[in-house]
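Q: whatever this is, show me its structure:
(chains A and B)
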Amino acid sequence: MAATVTHSPAEVHVHDEHGHDEHAHGNFWTTYIFSEDHKVIAKQFLITGMIWALIGGILSVLFRLQLGFPEANLSWLKPLLGGWLTAEGKIDPEFYLALVTMHGTIMVFFVLTAGLSGTFSNFLIPLQVGARDMASGFMNMLSYWFFFLSSVVMLTSLFISTGPAAGGWTIYPPLSALPQAISGSGLGMTLWLVSMALFIVSSLLGSINYITTVINLRTKGMTFTKLPLTIWAFFFTAIIGILAFPVLFGAALLLIFDRSFGTSFYLSDIYIGGEALPNQGGSPILFQHLFWFLGHPEVYIVLLPALGLSSEIIATNSRKPIFGYKAMVGSMMFIAILSFVVWAHHMFVTGMNPFLGSIFTLLTLIIAVPSAVKIFNYVTTLWKGNLIFTPAMLFSIGLVSFFLTGGITGLFLGNSAVDIQLHDTYFVVAHFHLVMGSASFFGMMAGVYHWFPKMFGRMMDNRLGYIHFWLTFIGVYLVFFPMHYIGIAGFPRRYYTWTTFETFSGFADLNMLVSIAAIITLSAQFIFIFNFVYAIFRGKKAPANPWNSNTLEWTTPRLPGHGNWPGEIPTVYRWPYDYSKPGAKDDFIPQNVPYSETPESNFPFENEQIKLELGNNGAIVVENKKH
Amino acid sequence: MTSIAIGVGVVLILAILFMIFRISSLVGLVKGKESTDPYNKVNAFLFMVFSISSIVGFLWYSYAHFSEYTLPVASEHGKITDNLFWITMGVTIISFAIISIAMFWFTYKYQYNPNRKAEFIADNHTLEIIWTVVPAIVLSLLVFKGLRVWSDITGPAKEDAEVIELVGQQWLWSARYPGVKDKQLGQFNYRLIDASNEFGLDLTDKNSFDDFKSLELHVPKGKEVLLKIRAKDVLHSVFLPHFRVKMDAVPGMTTFFKFTATKTTQEMRDELSNPKFNYEMACTEICGKGHFSMKFPMVVDEPEDYEKWKASQEAWLKLNPEYLKKVPEALKEAAMIKAGLPLDVKIGSTVQTVSVNN
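A: All right, here's what the predicted structure looks like:
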């Protein structure tokens, strides 16, 4: 690490002419492919995640076509779907389930876990804590390549003749264990399990790195209380991931045993395909417990990074400190802990002991309190701010709106008695798509718009960003808000069509509206993709700190090279939210500006910090830490 | 040919859009430093438009289409859970409205103004305590009300509750009634399942002799019903939307749900003035390609009609007399009496038929 490449500004300029930042060491392979640089790995995660998001989005539009236009002839999709279309040009009912399953798996794990956490934890942790790179660059590289491998396996499963996994993204056995129950539970399910096993390895390698880096590689002066909320969010996310993912690994392993080696962990008393299976003594409920022990924390693995990113973006663009920094950290910590003790609220009507249902109702509704605190803090941050609506800011406000709209319906679903009717209806679909899907997706978009200048040294086009935001924001609401009505009316989810039932014969109009909105929303993402790709090569050159932000990444050169800072890593003196401080010249004071340089804006207790800054012959005294 | 034309058209439109984008960004460059000001106003304004129109749209749709998205309720506990649902709805809509309006109002009111400086407000303990404690109190009220209801619903059924077994399999339901003679469901074993014995009835258990199968779920009005639910192959879930009943069917484990119907099918037809109305049971746990088609008709009868209907049903054993051979010799006579098989002359011949069939 000592032999860091240092670019003089002139050199950087020369490199920019080529549109690349060529590093001194390494060839194409070590720089762009098997790179150990956290910034390159972050971009790899981002681009892979974007490709997955596109695939997941297209799958959702496919099944929305079936739901919105059940009479339509889709034979024009023959080149894409081939044998998965029936003779009448309809999507095959079994493939419909595969679409739903793969959409869920891809979006939850590949886009919103790897694409979001993988991108921004990698990119921002070293830059914001003031480190040259991750604690282990090699492990970081492995983390990406395990993810890549996992992606390849999952992608392959989309193209096999028996179809990909089709038992829902929650892969509840026995459906997922028995190929005779659904053809997707053959090779498709095997590939799903292999892919997820690789994914978990990737996630663990990443998480260990994130935690180690945050704890050990903070720069001088960067105490935990001076960490930006993004880092706190990534830190908690990584801890949750380390504790939760191994349980999914265990659950998947036992399922593999049941599928391939004749064990009976989840199987019992099954008569299928004209024969009684020998398995006895297992319990499908056990799998659900294990799955949701990961599955629920997973919601926060997806959501917390988005909340962290938006906290930072909202503070910056409100030109105002984030309201209640400590409450924000505290509520994230509380959410992280509680996320492990609410899992069975997914299982109120699975036949689980009703007493457990009571306990989990209680715990679940407790978790609403820190979530509410976070929303209040966001809204209060906007209050009396001076709001600049960059695309990133728009997406962050959109996130808060979704988090509120989707979160509040959790009060219905978390209450076991009310959940009886709503469980597995479209009400649930509306709830989690807003609170975790859309909110996290908006967090990711906000993050891309906000940190693009630091990733690629160029600016994305704002106006295209505005159009992208408004189409997506309104589109998402039009897709998911009507689902509340459909859900209250009792429409079950994962239904190929509802026409079998008189009770569910209505709402053809609303379903059509949802499908049209979904198509428009997906189309709007191409504006983003165009903007993104165009800006990488032809975008306006970015200044080093385009948003006048306080955190350390903006003290790096326009395109930080390997090692991030030419010369010494800056020292941190203050928290990251000194925006619009009374008395200050500018409306922001970066973290690396000592209090001794800002006497005009210091609070009394901050003036006392000056002594510490200047004590010990000008060397920096850092609490409990010797260098 | 048309598809090529459409393709060319799309390409042309994209090319034009790209040109517009290029020209406008070049114009922006020529004009010099691009100012975000006009767009900032537009965005703030759009937030206002969005919030007002979405609130109006939400209220209008919720009011105008109320009867479309609310299912009439036909069970005792359903009234209570619906009540709790609407209380929760009240709480959420109030808090949702307050927070949303505040947020979108702030986005409009505090949009960027170069002559103004944001206020440095880092925290406020009173405020933070208030908005931690108030939601906590409201939530605990909801929780405690919910938990009381939940424990009533999931508590043990009455001794004299009407027991009905529902069995899910890919992709149909069947119901088994205990029979009018012993009012007890007979034992079953999944290893005994075959093409005819779809319940896996254990015919060594005398309670199984008069059990009967039904392809409709009949339920008496005003009497507690205890559903015993199981599945043969994969998970299914019993969903009776009008009764607010939902419980998974799990292979290898019996699950229970008790409820009391309050409106007969006829009463519901009158209430909705829809003479074709029928109660339906659906599956709500993904179970394979026929998941969406697992409909099971349901009828709520007046108690006396229900008893009449039950009495008119033939025991499973009567319909499948060849299974008499599985009945232990000592119980054979009892079995025939309970199943309603003619006893006096035909014992021998029935047995013979069986042996011929073998």
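Q: biggest helix in chain A, by residue count?
A: helix A:284-318 (DSSP state H).
Q: okay, now residue 90: neighbour count?
A: Answering for chain A, as no chain was given. Residue A:90 has 21 neighbours, counted by other C-beta atoms under 10 Å in any protein chain shown. To be clear about C-beta, it is placed using only N, CA and C from the backbone, and glycine gets the same treatment.
Q: wrong chain, I was asking about chain B
A: By the measure other C-beta under 10 Å, the count of residues near residue B:90 is 10.
Q: now it: which helix or strand?
A: Here residue B:90 sits within helix B:76-109, counting by DSSP states H and E.
Q: which positions in that helix come out as buried?
A: By 16 or more other C-beta atoms under 10 Å in any protein chain shown, the buried positions in helix B:76-109 come out as B:76-78, B:80-82, B:84-85, B:88-89, B:91-92, B:95-96, B:99-100, B:103-108.
Q: helices and strands around it, which ones?
A: The contact analysis (3 or more C-beta pairs under 8 Å, 6 or more residues apart in numbering or on different chains; DSSP states H and E) places helix B:76-109 against helix A:354-382, helix A:391-408, helix A:410-413, helix A:416-422, helix B:37-64, helix B:125-154, strand B:255-260.
Q: quick one, what contacts the one residue in the stretch 251-400 of chain A that gets nearest to chain B?
A: Going by C-beta to the nearest C-beta, chain B is nearest to residue A:268 of the stretch 251-400 of chain A, at 2.9 Å. Applying C-beta atoms under 8 Å, 6 or more residues apart in numbering or on different chains, we find residue A:268 in contact with A:279-284, B:251-253.
Q: what's the nearest residue to residue A:251 if we skip its chain neighbours?
A: Distance criterion C-beta to C-beta, 6 or more residues apart in numbering or on different chains; nearest residue to residue A:251, sequence neighbours excluded, is residue A:290 at 3.7 Å.
Q: show me where the stretch 101-250 of chain B has strands.
A: Shown for the stretch 101-250 of chain B, the strands assigned by DSSP state E, counting those that start in this stretch span residues B:162-169, B:172-177, B:212-214, B:217-220, B:224-231, B:236-240, B:245-249.
Q: tell me the most buried of those?
A: Highest mean neighbour count of the strands of the stretch 101-250 of chain B: strand B:236-240, a mean of 28 (counted as mean count of other C-beta atoms under 10 Å in any protein chain shown).
Q: near chain A at all, that one?
A: Yes - Strand B:236-240 is in contact with chain A by C-beta under 8 Å from any C-beta of the partner chain, via B:237, B:239.
Q: for that strand, packing partners?
A: strand B:162-169, strand B:245-249, strand B:279-283.
Q: pretty sure the residue nearest to residue A:251 sits against residue A:249.
A: No - if you go by C-beta atoms under 8 Å, residue A:290 and residue A:249 don't touch, sitting 9.8 Å apart.
Q: number of nearby residues for residue A:544?
A: 16.
Q: mind checking the SS state of it?
A: When classified by DSSP: H, G, I helix; E, B strand; the rest coil, residue A:544 comes out as coil.
Q: how much space between the residue nearest to it when sequence neighbours are not counted and residue A:219?
A: Nearest residue to residue A:544, sequence neighbours excluded (C-beta to C-beta, 6+ apart): residue A:558, at 5.1 Å. Counting by C-beta to C-beta, to the nearest Å, the gap from residue A:558 to residue A:219 is 20 Å.
Q: residues contacting the residue nearest to residue A:59 when sequence neighbours are not counted?
A: Leaving aside its chain neighbours, residue A:59 sits nearest to residue A:103 (4.4 Å; criterion: C-beta to C-beta, 6+ apart). Contact analysis of residue A:103 by C-beta under 8 Å, 6+ apart lists A:56, A:59-60, A:63, A:169.
Q: ok, of those, which one's closest to residue A:121?
A: Taking C-beta to C-beta as the measure, residue A:121 sits nearest to residue A:56 out of the contacts of residue A:103, at 20.7 Å.
Q: just checking, residue A:357 touches residue A:351?
A: No - applying C-beta under 8 Å as the test, residue A:357 and residue A:351 come out as separate, 10.5 Å apart.
Q: quick one: residue A:299 from residue A:336, how far?
A: According to C-beta to C-beta, residue A:299 and residue A:336 sit 11 Å apart.
Q: identify the residue of the stretch 501-627 of chain A closest to chain B, quick one.
A: residue A:580 (4.0 Å).
Q: mind listing what that residue touches?
A: A:319-320, A:386, A:587-588, B:117-120.
Q: which of those residues sits closest to residue B:143?
A: Of all the contacts of residue A:580, residue A:320 has the smallest distance to residue B:143: 35.1 Å, by C-beta to C-beta.
Q: ok now stretch A:426-446, how far from the chain's centre?
A: Stretch A:426-446 sits 10 Å away from the centroid of its parent chain (C-alpha atoms, centre = their mean, to the nearest Å).
Q: before we move on, what about stretch A:505-521?
A: Using C-alpha atoms, centre = their mean, the offset of stretch A:505-521 from its chain centre is 26 Å.
Q: avg pLDDT for the helix holding residue B:90?
A: Mean pLDDT, computed over helix B:76-109, is 94.
Q: report the angle between the axes of that helix and strand B:224-231?
A: Angle of helix B:76-109 versus strand B:224-231, following axes from the mean of the first three to the mean of the last three C-alpha atoms, to 10 degrees, is 70 degrees.
Q: what bits of the chain have low per-residue confidence?
A: By default, I'm working from chain A. A:1-26, A:615-627 (pLDDT under 70).
Q: you looked at the wrong chain, it should be chain B
A: In chain B (pLDDT under 70), the answer is B:1, B:28-37, B:344-358.
Q: what's the neighbour count on the spatially closest residue to residue A:525 that is not a sequence neighbour?
A: Nearest-residue entry for residue A:525: residue A:57, 6.5 Å, with adjacent residues in sequence omitted and distances by C-beta to C-beta, 6+ apart. Neighbourhood size, residue A:57 [other C-beta under 10 Å]: 20.
Q: which strand or helix spans residue A:57?
A: helix A:38-68.
Q: helix or strand right after that helix?
A: Next along the chain after helix A:38-68, taking DSSP H and E as the criterion, comes helix A:78-81.
Q: does any part of that following helix sit near chain B?
A: No - Helix A:78-81 does not reach chain B (C-beta under 8 Å from any C-beta); its nearest approach is 10.6 Å.
Q: can you give me the helices for the stretch 451-600 of chain A?
A: A:462-488, A:508-538 (DSSP state H, counting those that start in this stretch).
Q: could these go into a markdown table alongside mean neighbour count?
A: Listed next are those as a markdown table, based on neighbours: other C-beta atoms under 10 Å in any protein chain shown:
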| stretch | mean neighbour count |
| --- | --- |
| helix A:462-488 | 22 |
| helix A:508-538 | 18 |
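Q: residue A:166 - how many residues pack around it?
A: Residue A:166: 31 surrounding residues under other C-beta under 10 Å.
Q: related to what we said a few turns ago, right, and the residue nearest to residue A:525 touches residue A:524 too?
A: No - look at residue A:57 against residue A:524 with C-beta under 8 Å: they stay out of range, at 10.4 Å.
Q: quick check, central residue of the chain?
A: Using chain A here. In chain A, the centroid-proximal residue (C-alpha atoms, centre = their mean) is residue A:112; its distance is 3.2 Å.
Q: my bad, the chain I had in mind was chain B
A: residue B:239 (4.3 Å).
Q: show me what that one is bridged to.
A: Assessed by DSSP bridges, residue B:239 has beta-bridge partners residue B:246, residue B:282.
Q: that one and residue A:430, how far apart?
A: 18 Å.
Q: so who does residue 314 touch?
A: Picking chain A for this. For residue A:314, counting by C-beta under 8 Å, 6+ apart, the contacting residues are A:322, A:378, A:381-382, A:393, A:396-397, A:400.
Q: chain B, not that one
A: Counting by C-beta under 8 Å, 6+ apart, residue B:314 makes contact with B:212, B:340.
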